[in-house]
Each structure stands twice: as C-alpha cells, then as structure tokens.
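1. give the three-dimensional model of this entry:
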Amino acid sequence: RQCRMQGPHETYRRYCLAAGLPATRSMVSKLQELQLGAESISFRHQCLGCKGSQATIRALDLWMMGAKPGPRSLDLSGNGIGDATVLSLVDLLRSGSHWARLHLLDLRDNAISARGAAALLDLASALRCLVDVPLEGNPIGD
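-> Purely as a prediction, here's the structure:
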C-alpha cells in the first residue's frame, strides 16, 4: 500500500520527479519548516545542481503563494547553481509578494558568473528588503 504525500510535499515530489531527482525526506522536510513559519530555510550543500535547485525553487514558490509571510533568509550555497537557475530565481523573487521579507539570499560556492551576479544586483535594487547576497566562491570574474 502506497502512502501519498499531500500539499507542498506532493508539489515538491512532482517537481523533483520532473527534474529526474528523488524527493528525499530531508528536502521535503524543508517545506514543512516553512509551513511551521520558519524565519530561515537552508538548502546548504544539498548537492542539488541546476535542475534540483530549479525544482526546489519552483516548489518553494508555489508553496509560498497564499501562505504565511515568507522566510527572511534562504540559503542555497554550495549547490552548483548556475546563471540559468539564478535568472529563474530572480524572476520568481520579483513576481511574488510572499518573498517581500527576504533579507538574506546566500548563494556562496556555486557556479554563478558575472551575468548571474548582474541579475542579482538588479534584484537587490528592486527588493529593498534584500540587503545581503553573499557570492563568495563563484566564478564571477573568471
């Protein structure tokens, strides 16, 4: 007999499957932290890669719609995130009022180039609350 996940857990599972990734308990539990009103959420060094990061970001964004106020910090450091994922992230953060409290977006130790950094700079001027976007360990100047 198979147990079905409900709500944000099911959403995350679907996005993981679409991206060709397993929906691990630790990743799904991060959504539960948000459901319980967590001020910060960390996906630090989860080895998500670009596809997994995009799936995670889309699932988070869907969950955040109509939910409690969003987190004040989001840590996606050390996940192999590149410019394509950063551009998707920037679009989502600009479009959703549920991200209006985001103060810290940690993107250290990824694969972000000058193109992604420029998009993040534009985002920081659009989202006044976003004041800290660490980018150390990215090939921005390479």
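2. for this protein, which residues score under the pLDDT cut-off?
-> For the chain, applying pLDDT under 70 flags the ranges 1-9, 11-12, 15-23, 27-28, 31-32, 34-36, 62-68, 142.
3. center of it, which residue is that?
-> In the chain, the centroid-proximal residue (Cα atoms, centre = their mean) is Ile57; its distance is 4.0 Å.
4. from Leu76, how far off is it?
-> Applying Cβ to Cβ, to the nearest Å, the value for Ile57 to Leu76 is 8 Å. Where you see a C-beta, it was placed from the backbone N, CA and C, and this is true even at glycine.
5. just Gly52 next, same as before
-> The gap separating Gly52 from Leu76 is 10 Å, by Cβ to Cβ.
6. now do Glu136
-> Separation of Glu136 from Leu76 (Cβ to Cβ): 14 Å.
7. any chance you could map the helices in this structure?
-> Secondary structure of the chain (DSSP state H): helices at 7-18, 25-35, 49-64, 83-95, 114-126.
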